[in-house]
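[1] Mind folding the following:
(one chain, ligands or ions: 2)
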Amino acid sequence: MEEARKKVILSGIKPSGNLTLGSYLGAIKNWVDLADEYECYYMLADLHAITVRQNPAELRKRTLSQLAQYIACGLDPEKNTLFIQSHVPAHAQLGWVLDCYTMFGELSRMTQFKDKSAKNADNINAGLVTYPSLRAADILLYQADLVPVGEDQKQHVEITRDIAHRFNTLYGDVFTMPEPFIPKTGARIMSLQNPENKMSKSEEDNGGCILMMNKPEDIMRYFKRAVTDSETGRCVYYDKEKKPGVSNLMQIYASCTGKSFETIEAEFDGLGYGAFKTAVGEAVVETLRPIREKAEELLRDKAYLESIYRDGAARASRTAERTLAKVYRKVGFVQR
Ligand code: ATP
Ligand code: LTN
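    Ligands and ions are numbered 1, 2, ... in the order given. Prediction:
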């Protein structure tokens, strides 16, 4: 009997900066458990990274380091297809076709375009505008059912659905309609220095952001300096509005240890913020230590990493090319 088709998942992260504790707890950690139930594709979105100018040597190094970190986080390359986006030309090829089925008006309304063009006023290139069609191509090439993304990226899946719907209406059922997949434990990790803002790689220098590859002494230093509040009694309890700093630290501690907020409140009852911050720092150190050590070991074995991304690209291409061929046929290109 033929096995039922497993649902397909696709996601990715741009190698435009170093992976952070936020990208781990908010994204990658949740991906690890999906491998048995779903057919999973995770890419290193290097085509997307160059919408913002990159140093070529660093981009190359970070892409390999990110691959090593994906594996070190527990993404088994046997069970997941891990690949570098630029190794599968079908992304750029379908991206162009979908550009022609995406309206300028819908692109100009994307919040990420508005944010990024405000931050890069000297380089508002066409890629920054059209990248939602490339993102749609990323997803639609694999006929993905689910796209794990943070709350902030739901708009991208919506525009993908609009593009897919437009295409399917013209040509029949070519693309599977993807849904955003926001994990139940989809913790949004905030900056340690500005807990109103998301922890992001742009805050690498001020101690607001923990990188996956940070050394334990740096992690401890950043946590000891983390912003809390000046409430008398210095109580550890969860209240996102009134106590954003403490609540964020509780969220991080909960994600790293699996403890509930009630257990954490009881554990630190009567103890000051100092003891709490040290405990959170230690929990993060112990969560990241094996990942960093494993990633460092993998990075010393370039031949192994090469075998993984080559195999990943071959597997991803097989699926992607099937979809691309169908699209080319539907729009009326002559078969080669
Ligand atoms: P972009 O910069 O265009 O948002 P990216 O690929 O660089 O794209 P990141 O911001 O690095 O994306 O995020 C990668 C993934 O990790 C996304 O799914 C995002 O929702 C999640 N993520 C990143 N930072 C955090 C955070 N602080 N808390 C929770 N999830 C996060
Ligand atoms: N989050 C990133 C990476 C990305 C992505 C995707 C995520 C590129 N294509 C498709 C999920 C699905 C971004 O927005 N550039």
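[2] give me the low-pLDDT residue ranges for this protein?
    1-3, 184-186 (pLDDT under 70).
[3] ok, the closest residue to residue 17 other than its chain neighbours - contacts?
    Closest residue to residue 17 apart from its sequence neighbours, by C-beta to C-beta, 6 or more residues apart in numbering: residue 201 at 3.3 Å. Where C-beta positions appear, they are placed from N, C-alpha and C, glycine not excepted. Applying C-beta atoms under 8 Å, 6 or more residues apart in numbering, we find residue 201 in contact with 16, 17, 18, 20, 209, 211.
[4] ok, residue 201 to residue 80 distance?
    Per C-beta to C-beta, to the nearest Å, residue 201 is found 23 Å from residue 80.
[5] again, but for residue 334
    In terms of C-beta to C-beta, residue 334 sits 36 Å off from residue 80.
[6] the more surrounded of these two?
    Each of residue 334 and residue 80 has its neighbours counted (other C-beta atoms under 10 Å); residue 80 has more, 23 against 6.
[7] I'd say that one and residue 38 touch.
    No - here residue 80 does not reach residue 38: they are 9.3 Å apart, not a contact under C-beta atoms under 8 Å.
[8] So out of everything in the stretch 51-200 of the chain, what residue is nearest ligand 1?
    The minimum distance from the stretch 51-200 of the chain to ligand 1, using C-beta to the nearest ligand atom, falls at residue 150 (2.3 Å).
[9] Quick one: residues contacting the residue nearest to that residue when sequence neighbours are not counted.
    In space, residue 150 comes closest to residue 26 once its chain neighbours are excluded; the distance is 5.6 Å by C-beta to C-beta, 6+ apart. Applying C-beta under 8 Å, 6+ apart, we find residue 26 in contact with 150, 186, 187, 188, 189.
[10] got the contact list for the third one?
    Spelled out, that is residue 187. Counting by C-beta under 8 Å, 6+ apart, the residues that residue 187 touches are 25, 26, 251, 252, 254, 255.
[11] so what secondary structure elements neighbour the longest helix seen in the chain?
    Identified as the longest helix of the chain according to DSSP state H is helix 302-331. Secondary-structure packing of helix 302-331 (3 or more C-beta pairs under 8 Å, 6 or more residues apart in numbering; DSSP states H and E): strand 39-44, helix 56-72, strand 80-84, helix 90-99, helix 154-171, helix 273-299.
[12] Pop out the phi and psi values for residue 233.
    phi 90, psi -20 (degrees, to the nearest 10).
[13] That one: what's it in contact with?
    So residue 233 contacts nothing (C-beta under 8 Å, 6+ apart).
[14] now the contacts of residue 26: which count as buried?
    150, 187, 189 (16 or more other C-beta atoms under 10 Å).
[15] any bit of stretch 72-80 sitting next to ligand 1?
    No - for stretch 72-80, no contact with ligand 1 is found by C-beta under 6 Å from any ligand atom; the gap never falls below 11.9 Å.
[16] now what about that stretch, what contacts it?
    Residues outside stretch 72-80 that contact it (C-beta under 8 Å, 6+ apart): 24, 28-29, 31-32, 35-36, 40-42, 71, 82, 212, 290-295, 298, 308, 311-312.
[17] Whichever of those end up buried, select them in PyMOL.
    This is how PyMOL selects the buried members of those, with burial counted by 16+ other C-beta under 10 Å:
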select buried, resi 24+28+29+31+35+40+41+42+71+82+212+291+292+294+295+298+308+312
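[18] measure the residue of the stretch 201-336 of the chain found nearest ligand 2 to residue 62 for me?
    Among the residues of the stretch 201-336 of the chain, residue 201 lies closest to ligand 2, at 12.1 Å counting by C-beta to the nearest ligand atom. Noted for residue 201: a distance of 10 Å to residue 62, by C-beta to C-beta.
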